[in-house]
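**Student:** mind folding the following:
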Amino acid sequence: MNKYTTILFDVDGTLLDFDSAEENGLASVFKEYEESGAYRTADLIGTYRRVNRDLWDAYEKGLITKDHITDTRFDAVFEAHGITADGIQTEHNYREILNHTAIVMPEAVEVLEYLQDRYDLYVVTNGFTETQKMRMADSGLDRYFKKSFISEEVGYQKPQKEFFDRCFEAMPGAERERTLIVGDSLNSDIKGGNTAGIDTCWFNPQGAVLTAGVKVDREIRSLKELKEFL
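**Tutor:** Numbers count the residues shown, from 1 in each chain. Prediction:
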């Protein structure tokens, strides 16, 4: 019998295939520009991902707000490519598509079915409240969790210690030494677990290189591996 009683799960890249959902949404909103013959969707998506990653890095460091991300990312893409377009409206269109695109990661349902009667399961995510709630509901994964902690509602974000402090205040009976966080992001999930003083499990399906400065207690390539030690 292992020591854990509480498991915290990240959403995007862990339970839901965000990359595929993002690709679908971006291809839809950028389609009109490729059809004009002047731009390639792949180039626009590449620029978006660079811009978006920089903005999310700044957000996770507490330097900017979520509103700054959504208010500026598409304008930055259009500016980089010399496109005259409404970035805010494009953001709205993109989020509408994303909100209704929930692609479940392989083995997620099988593993959650196995874990739900053995542990207290919670979601911890930096995603947008409306988007995450709709996608978790559409996917059917929300039924496995006692509660979802979304940074927009919590008031702090992973990897901030305050985010996890708020989570533990709202998880009856949860003890840090008996809690495990499972996630794909070294910067938010694993670093957050280190900051919070809880054990970490890095979901690393692509075999990425471990970044120095974070402590990984477990590393898995597939979610099904969780059943081997939980």
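
**Student:** which residues in this protein form strands?
**Tutor:** Applying DSSP state E to the chain gives strands spanning 6-9, 120-125, 147-150, 179-183, 199-203, 218-220.

**Student:** run the angle between the longest one and strand 179-183 for me.
**Tutor:** Okay, so that is strand 120-125. If you take axes from the mean of the first three to the mean of the last three CA atoms, to 10 degrees, strand 120-125 sits at 40 degrees to strand 179-183.

**Student:** name every strand pairing with strand 120-125 and say which way it goes.
**Tutor:** Strand 120-125 has the following strand partners under DSSP bridges: strand 6-9 (parallel), strand 147-150 (parallel).

**Student:** among those strands, which is nearest residue 68?
**Tutor:** strand 147-150 (17.6 Å; CB to CB). For glycine as for every other residue, the C-beta is placed from the backbone atoms N, C-alpha and C.

**Student:** can you list the weak-confidence ranges in the chain?
**Tutor:** Across the chain, the ranges flagged by pLDDT under 70 are 1.

**Student:** repeat that with 80
**Tutor:** Under the criterion pLDDT under 80, the flagged ranges of the chain are 1, 35-38, 211-212.

**Student:** which parts of stretch 174-192 are buried?
**Tutor:** By 16 or more other CB atoms under 10 Å, the buried positions in stretch 174-192 come out as 174, 178-192.

**Student:** now it - C-alpha only, CSV.
**Tutor:** Extracted in CSV, the C-alpha atoms of stretch 174-192 (Å, rounded to 0.1, in the frame of the first residue of the first chain):
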residue,chain,number,x,y,z
ALA,A,174,-5.7,16.3,2.6
GLU,A,175,-2.2,16.1,3.9
ARG,A,176,0.8,17.4,1.9
GLU,A,177,3.0,14.4,2.7
ARG,A,178,0.3,12.1,1.4
THR,A,179,-0.5,14.1,-1.8
LEU,A,180,0.8,13.6,-5.3
ILE,A,181,0.6,16.0,-8.3
VAL,A,182,0.5,14.5,-11.8
GLY,A,183,1.2,16.9,-14.7
ASP,A,184,3.2,17.4,-17.9
SER,A,185,4.6,20.8,-17.2
LEU,A,186,7.9,21.1,-15.4
ASN,A,187,7.4,24.9,-14.9
SER,A,188,3.9,24.8,-13.4
ASP,A,189,3.1,21.3,-12.2
ILE,A,190,6.4,19.9,-11.1
LYS,A,191,7.9,23.2,-9.9
GLY,A,192,4.5,23.9,-8.2
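
**Student:** circling back: of the strands of the chain, which approaches residue 89 most closely?
**Tutor:** It is, among those and with distance given as CB to CB, strand 147-150, at 24.8 Å.

**Student:** that's all I had, so thanks and see you.
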